[in-house]
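S.K.: Here is my input; please provide its structure:
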Amino acid sequence: MDVNERREKILEALKASITPLSAAALAKEYGVSRQIIVNDVALLRASGSNIESTPRGYLLKKERSGLVRKVACCHTGDQMREEMYAIVDEGCVIENVIVEHPIYGEITGNLNVASRREVDRFIDKCNASSAAPLSALTEGIHLHTLTCPDEDAYINACEALETLGILCK
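M.R.: Next up is the predicted model:
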């Protein structure tokens with residue numbers, strides 16, 4: 001299989017998948033190194049493919065239906081699970097985390113977390129890593145872009161965050 005065929009196969013796999021695909025799994029599937037997959041994905045993105053990198057792997061960004069809102073939060077690292085549960089329990093998807101860096105400006109990390117199970121996986125990955133969450137750069141202050149089923153879900157998520165003392169006003 002040549003490089004163009006492999007890239008086409010990667011796109012097909014991403015289109016067919018409803019869950020993120022890791023670079024390691026794609027590398028194993030196509031008999032190449034993880035770094036080759038990372039390079040392939042970078043070039044696919046550069047050519048216009050809407051591939052998103054999440055903590056769980058790559059996925060083809062699909063338009064979600066629902067209300068898109070941002071919410072400002074501030075908390076310590078040990079409150080991250082509570083924060084995320086409060087949001088997903090209301091049916092909202094945590095699309096990303098955004099921090100304002102003094103040198104780089106806005107830094108966004110894609111999350112795409114929609115359930116307690118996905119929250120737990122994300123937290124487990126954080127705990128297993130030596131890397132700090134983006135919010136550690138800003139003393140816990142950060143934004144999340146949420147996709148909510150409706151205005152009530154957004155309001156309920158905000159109220160739950162406020163009850164936890166996490167919502168910034």
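S.K.: Pairing partners for the worst-scoring helix or strand of the chain on mean pLDDT, with directions?
M.R.: Across the helices and strands of the chain, mean confidence by mean pLDDT, DSSP states H and E is lowest for strand 51-54: a mean of 86. Its sheet considered, strand 51-54 pairs with strand 57-60 (antiparallel) by DSSP bridges.
S.K.: What mean pLDDT does the strand it pairs with get?
M.R.: Averaged over strand 57-60, pLDDT sits at 89.
S.K.: which is the next helix or strand following it?
M.R.: Where DSSP states H and E defines the elements, the next helix or strand beyond strand 57-60 is strand 67-74.
S.K.: Show me what that following strand is packed against.
M.R.: Other helices and strands packing on strand 67-74, by 3 or more CB pairs under 8 Å, 6 or more residues apart in numbering; DSSP states H and E, are strand 141-148, helix 151-163. Any C-beta I mention is one placed from the backbone N, CA and C, and that applies to glycine too.
S.K.: who's in contact with it?
M.R.: For strand 67-74, contacts defined as CB atoms under 8 Å, 6 or more residues apart in numbering pick out 83, 87, 95, 98, 135, 139-151, 153-154, 157-158, 161, 166-169.
S.K.: which outside residues touch the least confident helix or strand of the chain?
M.R.: Residues from elsewhere that reach strand 51-54 (CB under 8 Å, 6+ apart): Leu14, Pro20, Val41, Leu44, Arg45, Tyr58, Leu59, Leu60, Lys61, Asn110, Leu111, Asn112.
S.K.: now the residue lying closest to Lys125 once chain neighbours are set aside: how far from Gly165?
M.R.: Residue nearest to Lys125 in three dimensions, not counting chain neighbours: Pro55, with 5.5 Å by CB to CB, 6 or more residues apart in numbering. Distance, Pro55 to Gly165, by CB to CB, to the nearest Å: 26 Å.
S.K.: Just want to know which of the two has more residues nearby.
M.R.: More crowded of Pro55 and Gly165, by other CB atoms under 10 Å: Pro55, with 16 against 10.
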